[in-house]
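Trainee: Generate a structure from the sequence data that follows.
(chains A and B)
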Amino acid sequence: DVKVTQSSRYLVKRTGEKVFLECVQDMDHENMFWYRQDPGLGLRLIYFSYDVKMKEKGDIPEGYSVSREKKERFSLILESASTNQTSMYLCASSLPDRTTEAFFGQGTRLTVV
Amino acid sequence: GNSVTQMEGPVTLSEEAFLTINCTYTATGYPSLFWYVQYPGEGLQLLLKATKADDKGSNKGFEATYRKETTSFHLEKGSVQVSDSAVYFCALIPSGGYNKLIFGAGTRLAVHP
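Mentor: Below you'll find the predicted structure:
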C-alpha cells in the first residue's frame, strides 16, 4: 500500500519557536509538495520539490523554508512560528507526469500559541 | 495565471438526491483536471481525473467531463449516499512547467438520511 507519512497529526508550538514538519514517501516519487489548508481557501502551495536538493516557491512561501536531502523525505520548516501559521499542513508526492495522481499524507494540524 | 473556481458550500442534500458541484478553471493549453475528496479526519484522495478534452472521468458513481469550450469540469452523481459526505476539491495540473497541483477552495457536502 503506497504511503505518504507525516510525522505528527497534531502539534502545539509557541510563538517564535522553530518548527519542523517531516514527510516521508515510499513510492520513489520525484515530486513532493507542502500545502496549507485553511477553511474557505482550499489548499495553497507553500513549496514543492522536483528532485533531491531542488525546490521551488509556491504561492505562499513567506515564513517557511524546506529541505530535501533524500528523495523520500521533504521537510517544512517554520523559522519563527507565528499565530497566523496555525493551520492544517498537507504533504503530497507524485511522479513527474501530469496525468497521474498525487498521494497525500494525513495532515498535521499545527497550533501556534 | 492558472486557477480553479468551485461553487461555494456547504451543499446539503437528502440521500438519493442528484449532486452537481460546479468547477471552472483558467489555464493555458490543455491542463489535466482532477477531483479529490477528503473524508472527515483523513487526507485527500483522488476521486477521478480527465487528462484531455472531452474525456469523462468516473469512479464510485461520480462523473465529470472535461469541457474545453466552457473550461469546466463539473462533478455529478445521480444518487448520493450519507457516506459521500466529505469535502470535494477540483484541481488542475497546467500543461507546461512542473507538475504543480492547483486547487479550488473546496466544497463541503453533507448528505442526510
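
Trainee: ok, and does the helix or strand of chain B with the lowest mean pLDDT reach over to chain A?
Mentor: Ranked by mean pLDDT, DSSP states H and E, the weakest helix or strand in chain B is strand B:102-103, scoring a mean of 92. Yes: judged by Cβ under 8 Å from any Cβ of the partner chain, strand B:102-103 comes into contact with chain A at B:102, B:103. Quick note: C-beta positions are derived from backbone N, CA and C, even for glycine.

Trainee: Please state the offset of that strand from the chain centre?
Mentor: Using Cα atoms, centre = their mean, to the nearest Å, the distance from the centre of strand B:102-103 to the centre of the chain it belongs to is 11 Å.

Trainee: May I have the helix or strand following it as CSV, with CA atoms only?
Mentor: Tracing the chain C-terminally past strand B:102-103 and defining elements by DSSP states H and E, one meets strand B:107-112 next. Once side chains and other backbone atoms are set aside, the C-alpha atoms of strand B:107-112 remain, and they are given as CSV (Å, rounded to 0.1, in the frame of the first residue of the first chain):
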residue,chain,number,x,y,z
THR,B,107,-17.0,22.3,-1.5
ARG,B,108,-18.3,20.6,1.7
LEU,B,109,-21.1,18.1,1.0
ALA,B,110,-23.4,17.0,3.8
VAL,B,111,-25.9,14.2,3.0
HIS,B,112,-28.7,13.5,5.4
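
Trainee: which helices and strands does the least confident helix or strand of chain B pack with?
Mentor: With contacts defined as 3 or more Cβ pairs under 8 Å, 6 or more residues apart in numbering or on different chains; DSSP states H and E, the packing partners of strand B:102-103 are strand A:42-51, strand B:3-6, strand B:86-93.

Trainee: Confirm for me that residue B:25 is in contact with residue B:94.
Mentor: No: between residue B:25 and residue B:94 there is no contact, the gap being 9.8 Å when judged by Cβ atoms under 8 Å.

Trainee: Now the common contact residues for these two.
Mentor: Taking Cβ atoms under 8 Å, 6 or more residues apart in numbering or on different chains as the contact criterion, the residues that touch both residue B:25 and residue B:94 are B:2, B:31.

Trainee: So for stretch B:6-24, mean pLDDT?
Mentor: Taken as a whole, stretch B:6-24 has a mean pLDDT of 95.

Trainee: buried sites along that stretch?
Mentor: Of the residues in stretch B:6-24, those buried by neighbour count under the rule 16 or more other Cβ atoms under 10 Å in any protein chain shown are B:6, B:7, B:9, B:11, B:13, B:19, B:21, B:22, B:23, B:24.

Trainee: Up against chain B, what does chain A have?
Mentor: A:4, A:31, A:33, A:35, A:40-45, A:48, A:50, A:56, A:58, A:90, A:92, A:94-99, A:101-102, A:104-107.

Trainee: which among the residues you listed end up buried?
Mentor: In terms of neighbour count (16+ other Cβ under 10 Å), the buried residues within the residues of chain A next to chain B are A:4, A:31, A:33, A:35, A:42-45, A:48, A:50, A:58, A:90, A:92, A:94-95, A:98, A:101-102, A:104-107.

Trainee: who's the most centrally placed residue in chain A bridged to?
Mentor: Averaging the C-alpha coordinates of chain A gives a centre point, and the residue nearest to it by Cα atoms, centre = their mean is residue A:34 (2.8 Å). Note on residue A:34: beta-bridge partners residue A:47, residue A:91, judged by DSSP bridges.

Trainee: Tell me the confidence at it?
Mentor: On pLDDT, residue A:34 comes in at 97.

Trainee: tell me the contacts of it?
Mentor: A:21, A:23, A:45-48, A:58, A:64, A:66, A:74, A:76, A:89-91.
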